[in-house]
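S.K.: curious how this folds, go ahead:
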Amino acid sequence: MSAGRIIAYIAAAILIFFGVLFVWGAFSPDGSPGWIIVGVISIGIGLGLIWLARRREKQETEIIQKIELSGDINLETLTCQNCGGALSSENVRMVAGAPVVNCPYCNSSYQLSEEPKW
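M.R.: The predicted model follows:
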C-alpha cells in the first residue's frame, strides 16, 4: 500500500469521524441546524476519499519480459528432447532467469542449454 493511499484513508477516517460528531451535535440542546450540513459534507468528502483511494488501488501494471537467447535457435524446428514433439515459442518461459521448455505432449519440463558451436 502506497503512502498516498494511507494518507487518504487516515484523512477520510478523520473527516467521517468529525462529520458524525457534527450531525450528532446538531441534535443536542445547544446544537445548530447548520451543523447537519457541515457533518453531511464532511462525511461525503471522507467517503469520496475512500472511493478514490480504492480506485487507484485496482490499477495494474503489466510487465512484459522478452526472451533473447544467445546463439541461433530456430523455434520452428525446436523439438522436445524427451518425446520429440514439435514445440513453439509459447512452450518456452523464463523461470529464475533461465529459459525453460514445457512440453504439451509428454508434460516434461527442462532448461534450454546452448551447445558450443565449435
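
S.K.: show me where the protein has its strands.
M.R.: For the chain, the strands defined by DSSP state E occupy 92-95, 98-102, 109-111.

S.K.: most tightly packed of those?
M.R.: strand 98-102 (a mean of 15; mean count of other C-beta atoms under 10 Å). For every residue, glycine as well, the C-beta is placed using N, CA and C.

S.K.: contacts only, for the nearest residue to A13 once chain neighbours are set aside.
M.R.: The shortest distance from A13 to any non-neighbouring residue, by C-beta to C-beta, 6 or more residues apart in numbering, is to G46 (7.2 Å). Listed by C-beta atoms under 8 Å, 6 or more residues apart in numbering, the contact set of G46 reads 11-16, 19.

S.K.: generate a ChimeraX selection restricted to the buried entries among those residues.
M.R.: Buried members of the contacts of G46, defined by 16 or more other C-beta atoms under 10 Å, are picked up in ChimeraX with:
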select :12,15,16,19
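
S.K.: which residue of this structure sits farthest from its center?
M.R.: P29 (50.5 Å; C-alpha atoms, centre = their mean).

S.K.: show me what contacts it?
M.R.: Per C-beta under 8 Å, 6+ apart, neighbours of P29: none.

S.K.: ok, E68 next?
M.R.: Under the criterion of C-beta under 8 Å, 6+ apart, the contact list for E68 is empty.

S.K.: would CSV of the strands of the chain with mean pLDDT and distance to I36 be doable?
M.R.: CSV is the format used below for the strands of the chain (pLDDT from 0 to 100; distance: least, C-beta to C-beta, whole Å):
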stretch, mean pLDDT, distance to I36
strand 92-95, 84, 60
strand 98-102, 86, 64
strand 109-111, 86, 66
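
S.K.: want to throw those into CSV with distance to G4?
M.R.: Output for the strands of the chain, formatted as CSV (distance: least, C-beta to C-beta, whole Å):
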stretch, distance to G4
strand 92-95, 32
strand 98-102, 37
strand 109-111, 41
